[in-house]
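*Asks:* A structural model of the following input is requested.
(chains A and B)
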Amino acid sequence: MTSTQERIAIHRSLVAVVDDDESVRESLPDLLKEFGFATSTFSSAEVFLASDCLHETRCLILDVGMPGMTGPELQQELIRRRQNIPIIFITADRDKTICARLLEQGAVGCLFKPFSDTALLEALNAALRVS
Amino acid sequence: MVCSEYRYRRPRTAEEKLRRSEAFLAEAQILSRVGSFSWLVETDEIRWSEQLYRIFEFELGLPVTLDLIGSRVHPEDLPLMSDMIEKAHRGVSDFACEHRLLMPDHSVKYLHLIARGSRDNQGRKEYIGAIQDVTQRRLSEEALGRARSELAKVARVTSLGVLTASIAHEVNQPLSGIVTNASTCLRMLSADPPNVDGARETARRTIRDGNRASDVITRLRTLYSKKDLVSESMDLNEAAREVTSLSLGDLQRNRVILRHELAEDLPPVSGDRVQLQQVILNLVRNASDAMSAVDDRPRELLIRTERDEGDRVRLSVKDAGAGFKPEATERLFEAFYTTKSDGMGIGLSIGRSIIEAHHGRLWATANHGPEGAFGATFSFSIPSRRESVADVEAPANQTDPATGAAA
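*Replies:* Have a look, this model is predicted:
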């Protein structure tokens, strides 16, 4: 890794977005870039697991309900692999009990769609403090 | 004299008794739709009671063979029959089964057969059995099954929580895009220097996601559109009673006093039962919800059906809730307009499209009356069955012969 890339990795932490919904995959990266993060988007948990980004990801923004492997299942898989990536869950279902359970399992945040930019930034700051 | 007469009459009485007993048996077989048979397995000699000929619809006295029986057995059940015959030959003593007949007119009969194996006086293996025509029972079981699944369908919709959750999910996705895009847009504009191109792009995406959210609602409305209507003759009174019995638990929990005023001479309407029941259910729930904060007067909910002018039938649901301001009348039916803290504001909007698909209208009025001006009444009025039939013959959007334009 060259020194320039190293600097980018540190100053522009990579935030990965995993969501099957296209409008989220399109809109979130621009906002994250505005916040100063580098981003990568994935349409499914499986694609994310197979990617090279896994080891560079400083924070994962993860949709709860997805076809195939769900967000919580990916969380379990990462725990199993000892990949300690801070996770911010996002969900379109306003189910507080699921959120509480995900936080118990170690998630840093759980945001209900639609969420505000400030709520997201707060969660990201918390996530990066953890990592 | 007396003695000889006695001797003379005694055998006649026995014969009479036998005839009477045979007549009883025949009558009982007709009434119970049970026919009996005997079957000598070695020689395939089969004897049928009269009723069995009637069940199989064969000419009385026709020699019965396994082939003849096979010609009536439903093709799908023939393997069952050969299996049974094979078992009988092997000497399995008793058997029972249910199978179908396919009649010449393509109707299907359901039969229940039970047979017991024994030996006749010459020691040959013989089966004696009874066959009951259980078609009626099976058909009513099927009808019951259908009614049950229809009820389940209504019940599924009843759990409005499930419905709103799935709608919320569908709508929250594009909403999430809208909020994120708009936030990004603002940030790009307030940057120094402002990123106008980026802002323009995110604004465009905001509009597209907005349209996506509205598409969700359109899809939802087409779910209840005309083309999906299953039209059948139905009694609105019965539909209303079913809905209220389904919601009785909820109503009681909400301390709602339910009253019915159902017109006895209500003509049937033509429509999709499940959809109309959804509308009624929605009106009842709204009425109940509207009274959840009422404590200074009875929470009375009145469901009324009546004949309406122009050969129509009207159903109204009256509550004693907070009512609504006159200027809100039309907004009530707009999608996403709601006065409930946890409501989606789509029930009435969907309800109106259902009623309009039934050539009817759905409206709301604020209550006025000697008892005070509490609450609201939501009513719909749809054509009765007779008018609907006429409707089919002469469609509503006829072309004006004079102008050639749609009326």
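*Asks:* so where do the helices sit in chain B?
*Replies:* B:2-32, B:50-56, B:66-72, B:78-90, B:135-158, B:160-190, B:196-223, B:236-253, B:273-290, B:347-357, B:385-393 (DSSP state H).
*Asks:* now for whichever strand or helix holds A:F89, which elements pack on it?
*Replies:* Secondary structure from DSSP states H and E places A:F89 in strand A:87-91. Helices and strands touching strand A:87-91, by 3 or more C-beta pairs under 8 Å, 6 or more residues apart in numbering or on different chains; DSSP states H and E, are strand A:57-63, helix A:71-80, helix A:96-104, strand A:109-112, helix A:117-130. The C-beta positions use only the backbone N, C-alpha and C, and glycine is treated the same way.
*Asks:* quick check: angle from the second one to strand A:87-91?
*Replies:* On the basis of axes from the mean of the first three to the mean of the last three C-alpha atoms, to 10 degrees, helix A:71-80 is oriented at 170 degrees to strand A:87-91.
*Asks:* shaky segments in the chain?
*Replies:* You didn't say which chain, so I picked chain A. Flagging of chain A using pLDDT under 70 yields the residue ranges A:1-11, A:131.
*Asks:* the intended chain is chain B.
*Replies:* Within chain B, the stretches with pLDDT under 70 are B:1-12, B:92, B:148-166, B:219-230, B:334-346, B:369-373, B:386-407.
*Asks:* and it, which residues reach chain A?
*Replies:* Residues of chain B lying near chain A by C-beta under 8 Å from any C-beta of the partner chain: B:165, B:168-170, B:172-181, B:183-184, B:187-188, B:191, B:198, B:202, B:205, B:209, B:212.
*Asks:* how about 6 Å then?
*Replies:* Within chain B, the positions near chain A by C-beta under 6 Å from any C-beta of the partner chain are B:169, B:172-177, B:179-181, B:183-184, B:187, B:209.
*Asks:* show me what residue of chain B gets nearest to chain A.
*Replies:* B:G177 (3.1 Å; C-beta to the nearest C-beta).
*Asks:* what's near enough to touch the residue nearest to A:L62 when sequence neighbours are not counted?
*Replies:* Distances taken as C-beta to C-beta, 6 or more residues apart in numbering or on different chains place A:G71 nearest to A:L62, at 4.5 Å, with adjacent residues excluded. A:G71 makes contacts with A:L62, A:D63, A:V64, A:F89, as judged by C-beta atoms under 6 Å, 6 or more residues apart in numbering or on different chains.
*Asks:* pipe those into CSV and attach neighbour count per row.
*Replies:* Compiled in CSV, the contacts of A:G71 are given as follows (neighbours: other C-beta atoms under 10 Å in any protein chain shown):
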residue, neighbour count
A:L62, 28
A:D63, 25
A:V64, 21
A:F89, 24
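*Asks:* helix or strand: which one has the residue of chain A found nearest chain B?
*Replies:* Nearest residue of chain A to chain B (C-beta to the nearest C-beta) works out as A:S23 at 3.1 Å. Using DSSP H and E, A:S23 sits in helix A:22-35.
*Asks:* which other helices and strands contact that helix?
*Replies:* strand A:38-42, helix B:160-190 (3 or more C-beta pairs under 6 Å, 6 or more residues apart in numbering or on different chains; DSSP states H and E).
*Asks:* so for A:E104, which of these sits nearest?
*Replies:* Closest approach to A:E104 among the helices and strands packed on helix A:22-35 is made by helix B:160-190 (22.2 Å; C-beta to C-beta).
*Asks:* from the contact counts, what lies against the closest one?
*Replies:* helix A:22-35, helix B:196-223.
*Asks:* could you tell me the angle between the longest one and helix A:22-35?
*Replies:* Comparing the axes of helix B:196-223 and helix A:22-35 via the same axes, to 10 degrees yields an angle of 160 degrees.
*Asks:* output the contacting helices and strands for helix B:196-223.
*Replies:* Against helix B:196-223 (3+ C-beta pairs under 6 Å, 6+ apart) you get helix B:160-190.
*Asks:* centre of the chain to the helix it packs on, how far?
*Replies:* Centroid separation for helix B:160-190 versus its chain: 36 Å, with C-alpha atoms, centre = their mean, to the nearest Å.
*Asks:* show me what counts as buried in it.
*Replies:* By neighbour count with 16 or more other C-beta atoms under 10 Å in any protein chain shown, helix B:160-190 contains the buried residues B:160, B:163, B:165, B:167-185, B:187-188.
*Asks:* again with stretch B:102-117
*Replies:* For stretch B:102-117, using 16+ other C-beta under 10 Å, the buried residues are B:L102, B:K109, B:Y110, B:L111, B:H112, B:L113, B:A115, B:G117.
*Asks:* chain B contacts on chain A?
*Replies:* Residues of chain A lying near chain B (C-beta under 6 Å from any C-beta): A:21, A:23-24, A:27-28, A:30-31, A:34, A:92-93, A:113-114, A:117.
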